[in-house]
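*Asks:* Have a look; sequence and predicted model below, questions after that.
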Amino acid sequence: MAPSNFHLVLSLIIMAISLSSFNGSLAARNLLQTSLPPLPTLPNLPAATLPPLPAMPNLPATTLPPLPSMPNLPAATLPPLPSMPNLPAMPNLPAATLPPLPAIPTIPTTMPSFPFLSPPPSN
């Protein structure tokens, strides 16, 4: 019993949505066919007068102490790097042969024609 109630409610919702969209499209068409009333003009507003900005005060110039000089560091002496040991040569490996890849099946791109979808005969 529950599935039939669900289908009933679902079909009622679909009907309500389809009918509301029909009325909405008619209302939109009616609004598009009517002309808009002219917009009211804005009144001229008086220009605002602002008080003058206060003058910037003269600040005394500050004197900064000089930066300390960088001390001279002795040059670092590093020991020489050790030499790399001689590595043995890489052995020759046989070339691996891979099996061939399988063929990719082709997808048909034409639609088959069905006799029941043919157009009606012309008079």
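*Replies:* Cool, got the structure. Residues are numbered from 1 along each chain as shown.

*Asks:* List of residues touching stretch 36-43?
*Replies:* Counting by Cβ atoms under 8 Å, 6 or more residues apart in numbering, stretch 36-43 makes contact with no residue outside itself. The C-beta positions use only the backbone N, C-alpha and C, and glycine is treated the same way.

*Asks:* what about it, start to end distance?
*Replies:* The straight-line separation of the ends of stretch 36-43 (Cα to Cα, to the nearest Å) is 21 Å.

*Asks:* any idea of the mean pLDDT for that stretch?
*Replies:* The pLDDT scores in stretch 36-43 average 83.

*Asks:* And the pLDDT for residue 115?
*Replies:* 64.

*Asks:* whoops, I mixed them up, residue 120
*Replies:* 69.

*Asks:* repeat for residue 98
*Replies:* So residue 98 comes in at 84 (pLDDT).

*Asks:* Pass me the low-pLDDT residue ranges in this structure, would you?
*Replies:* Low-confidence segments of the chain (pLDDT under 70): 1-3, 21-24, 113-120, 123.

*Asks:* Residue most distant from the centroid, it?
*Replies:* residue 74 (56.3 Å; Cα atoms, centre = their mean).

*Asks:* SS state for that one?
*Replies:* Under DSSP: H, G, I helix; E, B strand; the rest coil, the three-state class of residue 74 is coil.
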